[in-house]
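A.B. asks: I'd like to go over a predicted model; first the sequence, then the structure.
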Amino acid sequence: MTAGNEYKEIKGKIAMKYFVEEGSVVREIWGKADTILFIFAGASAEFALNKAVDWLYFTGKLPSDPLERLFSTVDYARQIVFSEYHDALRAIDVITAIHRGVEEKRGAQIPDSAYRDVLFMLIDYSVRSFEVLERKLTGTEKAEIFEVFYQVGARMGIRGLPENYENWEIMRAEHLHKNLVASTFTADLFQQYRKHLGVSRYLLLKEVQALVVPREVRKMLKLGRIPFLLPVLAGYKLARIFNVAAGFRNIILPKAYKTRILNLDLQPAEAY
């Protein structure tokens with residue numbers, strides 16, 4: 001398994017085990033700014049449709065500054081992916097405690113389905129974003145991605161999780177069918193994206209979303225497939241070969257977040 005046991009044996013010696021093993025495709029995915037930004041472009045679309053999105057509005061942090069919320073979520077996710085086992089567990093426990101605090105303030109419990117939806121998004125968009133930007137993943141690699149986030153969910157005490165990637169695919173399809181709805185929150189959240197990104201970057205966000213989201217999400221948001229992004233993406237991949245992609249990426253992203261975006265290409269220990 002990619003995540004789980006506290007210790008591993010190397011040449012007869014006991015060494016601390018990372019939550020996600022070195023060499024795992026999960027580290028490759030979450031160690032690149034491009035892939036992470038695509039993951040959260042997709043998730044930002046689906047978040048807006050989720051029936052439990054009102055929980056994200058309860059604290060006011062998401063609508064008031066969606067980009068800051070994005071980066072705080074990324075920081076936690078990367079801390080888990082690149083940390084040693086116990087450090088990763090502590091990070092997961094902090095996330096759990098934050099959610100429990102929100103529940104106490106509201107006097108209600110976040111539905112297990114909402115927790116599963118978020119976890120499922122991280123699995124799905126990790127796969128989709130990597131395949132759009134890099135290459136097709138093998139079945140074994142997809143199972144690795146599932147296993148890592150399954151361990152996160154299990155530590156958080158989320159009930160009703162699927163036991164393997166194949167069962168996850170079935171549940172994911174069910175969630176997409178049952179748990180999405182276009183609401184006033186949907187419209188407001190997209191207005192906030194536009195406000196904080198500006199018109200040109202907002203339009204680019206929607207095109208990235210159209211590339212990575214499932215058909216159900218694309219249809220409900222009327223995203224369509226915008227043709228001109230495909231050749232742009234091809235040019236971007238070529239630019240990475242010649243090490244000029246970072247400059248292109250900096251042009252299309254907000255200057256205020258330039259340093260934090262550049263740091264996404266580093267492991268957390270290097271970035272902070």
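C.D. replies: Nice, I can see it. Numbering: from 1, shown residues only.
A.B. asks: shaky segments in the stretch 51-200 of the chain?
C.D. replies: 56, 58-63 (pLDDT under 70).
A.B. asks: distance of the closest residue to residue 53 other than its chain neighbours relative to residue 193?
C.D. replies: Using CB to CB, 6 or more residues apart in numbering and skipping residues adjacent in sequence, the residue nearest residue 53 is residue 185, 4.7 Å away. From N, CA and C alone the C-beta is placed, and that goes for glycine too. Distance of residue 185 to residue 193, given as CB to CB, to the nearest Å: 13 Å.
A.B. asks: do the same with residue 81
C.D. replies: Per CB to CB, residue 81 is found 25 Å from residue 193.
A.B. asks: who's more crowded, the two?
C.D. replies: A direct count of neighbours by other CB atoms under 10 Å for residue 81 and residue 193 places residue 81 higher, at 24 against 21.
A.B. asks: how far away from the center of its chain is stretch 22-42?
C.D. replies: Computed by CA atoms, centre = their mean, to the nearest Å, the chain-centroid distance of stretch 22-42 equals 8 Å.
A.B. asks: pull out the buried residues from that stretch.
C.D. replies: Across stretch 22-42, burial judged by 16 or more other CB atoms under 10 Å covers 24-27, 29-42.
A.B. asks: could you pull up the mean pLDDT of that stretch?
C.D. replies: Here stretch 22-42 scores 91 as its mean pLDDT.
A.B. asks: end to end, how far does that stretch reach?
C.D. replies: Length of stretch 22-42, first residue to last, CA to CA, to the nearest Å: 26 Å.
A.B. asks: try stretch 157-165
C.D. replies: Across stretch 157-165, the terminal residues are separated by 19 Å (CA to CA).
A.B. asks: what's that stretch in contact with?
C.D. replies: Outside of stretch 157-165, the residues within contact range by CB atoms under 8 Å, 6 or more residues apart in numbering are 96, 112-113, 115-116, 119, 139, 142-143, 146, 150, 153-154, 168, 170-171.
A.B. asks: so which helix or strand takes in residue 151?
C.D. replies: helix 139-156 (DSSP states H and E).
A.B. asks: after that helix, next one along is what?
C.D. replies: That would be, after helix 139-156 and using DSSP H and E, helix 165-178.
A.B. asks: how about the helix or strand following that next one: buried residues?
C.D. replies: Downstream of helix 165-178, the next assigned helix or strand under DSSP H and E is helix 184-197. Buried residues in helix 184-197, counted by 16+ other CB under 10 Å: 185-186, 189-190, 192-193, 196-197.
A.B. asks: same thing with stretch 128-144?
C.D. replies: In stretch 128-144, counting by 16+ other CB under 10 Å, buried: 128-130, 132-134, 137, 141-144.
A.B. asks: give me the distance between that stretch and the centre of its chain.
C.D. replies: Counting by CA atoms, centre = their mean, stretch 128-144 comes out at 14 Å from the chain centroid.
A.B. asks: try stretch 148-164
C.D. replies: Here stretch 148-164 shows a centroid-to-chain-centroid distance of 16 Å under the convention CA atoms, centre = their mean.
A.B. asks: ok, now stretch 109-119?
C.D. replies: On CA atoms, centre = their mean, the centre of stretch 109-119 falls 15 Å from the chain's centre.
A.B. asks: burial of residue 87, as a residue count?
C.D. replies: Residue neighbour count, defined by other CB under 10 Å, stands at 15 for residue 87.
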